[in-house]
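# A structural model of the following input is requested.
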Amino acid sequence: MFVVSAFSLFFSVVLHALVDRAAKYLNPFRYELSKHKDLTPEYVQKQHFIWQNTCVSFVHAVVSGIWSLSTFYFEPDSLKDLINLSTWRMTSLVSYSLGYFIFDSAHMAILHPYRSTAEFLVHHFIIFLCFSSALLSGKYIGYAAVSLLPEVNSIFLHLRRAMNYLRVPKGNRFFHTTCLLNIGEFQRERSYFFLFYTVSYAGHLKNLEEIKTICRGRIPPSLVSLRKITYHDQITY
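Sure, this is the predicted structure:
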C-alpha cells in the first residue's frame, strides 16, 4: 500500500501543479489585467490567484468526488468497518486528496499570504495531520474516504465561483441550475452526514474503548462540514 499511497500523492501534486500552470496562461482576463496601469499589483495578483485556485479546487472536487462515490459503489462492504478496513481504492483516494491539500497550502501561502488565507491554512493543516496519520497507521482510512464524499457538492461550488469570475449573468439558465444543484447537494450532504454518523456512533457505543477511536476518525468529515457551512453565503445569491 505504501507504493500506491506514494504514487497517488506524487501524482496529485504534479497534476494540480500542471492545472495551476495551465490556468495561469489560460486566464481569460490575463491581458486585460496587465493593460490597466491603474490597478495595483496586489489586486492583479489576487485576481490571478482566484482564477488559478478555483481551477485547481474544481479539478480536485471532480476527481475526489467521483472517486469517492465509485469507491463505495464498487466496494460497499468497506462501509461495515471504517476503522480497520482499507483498500487500494481508499488508500489512493486519501493519498490523492492529501497531495492536493499539500499543494493548495503552498499555493495559498505563496500567492495569497493574507489574513483571509489563515483559516484555510489551519483547515488544511489539520486535514493533513488526520489524513497522514490515517495513512501511516493504516486505520481510519475509511472515515477519511467518507469525508471526501462532500466534494461532490464542491464541484458545483467551484463551478459557480468560476462563472462569477467569468462574469456569467446570474440570470443565465446554466448558472441558475448550478446554484440550485449546489444548494440541493449542500442540504442533502448535511442530512446524510448527520444520519450516517449518528448510526455509526450508536453502533459502537457498546464498546466504550472504541469511543475515542470513533471521535478521532470523525475529525476530518467534521472539519469538512464546518468549512462547508462557512461557504453557505457563497451558494446563495
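
# As a check, name the ranges of all helices in this structure.
Taking DSSP state H as the criterion, the chain carries its helices at 2-25, 30-35, 41-74, 88-111, 115-137, 141-146, 151-165, 173-203, 211-217, 219-230.

# Which one of those has the poorest average confidence?
Lowest mean pLDDT within the helices of the chain: helix 211-217, a mean of 49.

# Kindly tell me how buried the closest residue to Leu93 other than its chain neighbours is, as a neighbour count.
In space, and not counting its chain neighbours, Leu93 is closest to Trp67: 5.0 Å by CB to CB, 6 or more residues apart in numbering. Bear in mind the C-beta positions are built from the backbone N, C-alpha and C, glycine included. Other residues near Trp67 come to 19 when the count uses other CB atoms under 10 Å.

# Next: Ile50.
By other CB under 10 Å, 17 other residues sit near Ile50.

# quick one on the thing from earlier: the residue nearest to Leu93 reaches Tyr100, doesn't it?
No - Trp67 is beyond contact range of Tyr100, at 11.6 Å (criterion: CB atoms under 8 Å).

# got a list of what the residue nearest to Leu93 touches?
By CB atoms under 8 Å, 6 or more residues apart in numbering, the residues touching Trp67 are Arg89, Leu93, Tyr96, Leu148.

# State the distance from the nearest residue in space to Asn53 that is not next to it in sequence to Leu148.
The shortest distance from Asn53 to any non-neighbouring residue, by CB to CB, 6+ apart, is to His107 (6.7 Å). Plainly put, His107 is 19 Å away from Leu148 if you go by CB to CB, to the nearest Å.

# Can you pick out the residue with more neighbours from those two?
Between His107 and Leu148, Leu148 has the larger neighbour count (other CB under 10 Å), namely 27 against 20.

# how much space is there between the more buried one and Tyr31?
Leu148 sits 37 Å away from Tyr31, going by CB to CB.

# Please apply the same query to Ser78.
From Ser78 across to Tyr31, the span is 49 Å (CB to CB).

# The two - which one has more neighbours?
Ser78 (19 against 8).

# Select, out of the helices of the chain, the one closest to Leu82.
The closest of the helices of the chain to Leu82 is helix 141-146. By CB to CB, the value is 3.0 Å.

# which residues touch Ala134?
Going by CB under 8 Å, 6+ apart, the list of residues near Ala134 reads Val94, Tyr140, Ile141, Tyr143, Ala144.

# Could you give the number of residues near the nearest residue to the first one once chain neighbours are set aside?
By that I understand Val94. Leaving aside its chain neighbours, Val94 sits nearest to Ala144 (4.6 Å; criterion: CB to CB, 6+ apart). Neighbour count of Ala144, defined by other CB under 10 Å: 30.
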